[in-house]
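Q: model the structure of this input:
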Amino acid sequence: MTTPQNADPMTVYLLIEGEEPVAVPGIVDFNLTVENPEVHEERDDGRRVNPRRAQQLRRRRRANPGDLSLTLDYDPCDWIHQELVAAGETDVMLTLRFAMCDAQGEPVIVQDVDCSVLRHSISFRRRNRRRPGGDDNRPHIFEADLRLQRHGEFRSVDIARAG
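A: Coordinates of the predicted model:
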């Protein structure tokens, strides 16, 4: 994902052995799950919890600290999207590179992480016409939701070699 300058300055790359890093297109959302002791405290609390809050807590408990999630504006013809979804079906280890850039687009922090796809889902929905976004006029969009398990820690990469 490469975002416009002065927006969210992060690019995610898929690393394939022996090849240049390839930017993952169409990333809509990215999350890193962190340890949240509040979730366990609320779950163990005997009081009745609002049903909407209970659903949020269940969702957070399903994710383990360190897990990553990516939501893609999925293009079934894009080979990178195909590669990410196929990794979940074949239990292949992936290496992703996260490059955070400054306002001028120069990389400031670059880190790699090994992960595997725990689960994925692909949904088909109607585009919200009131919300701007997208450079095309597609009435429907595919969305791929990938849950990734991190294997090991994030590794810093020398910015000069990150290319």
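
Q: Ile141: how many residues sit nearby?
A: For Ile141, the neighbour count with other Cβ atoms under 10 Å is 19. Bear in mind the C-beta positions are built from the backbone N, C-alpha and C, glycine included.

Q: actually Glu153, not the one I wrote
A: Glu153: 10 neighbours (other Cβ under 10 Å).

Q: element containing it, please.
A: strand 140-156 (DSSP states H and E).

Q: partners of that strand in the sheet?
A: strand 68-74 (antiparallel), strand 107-126 (antiparallel) (DSSP bridges).

Q: now, of those, which is deepest in the fold?
A: Counting by mean count of other Cβ atoms under 10 Å, strand 68-74 has the highest mean neighbour count of the strands paired with strand 140-156, with a mean of 20.

Q: tell me the helix or strand right after that one.
A: Immediately after strand 68-74, counting by DSSP H and E, sits helix 79-90.

Q: that older thread, what's the angle between the strand holding Glu153 and helix 79-90?
A: Put simply, strand 140-156 runs at 80 degrees to helix 79-90, going by axes from the mean of the first three to the mean of the last three Cα atoms, to 10 degrees.
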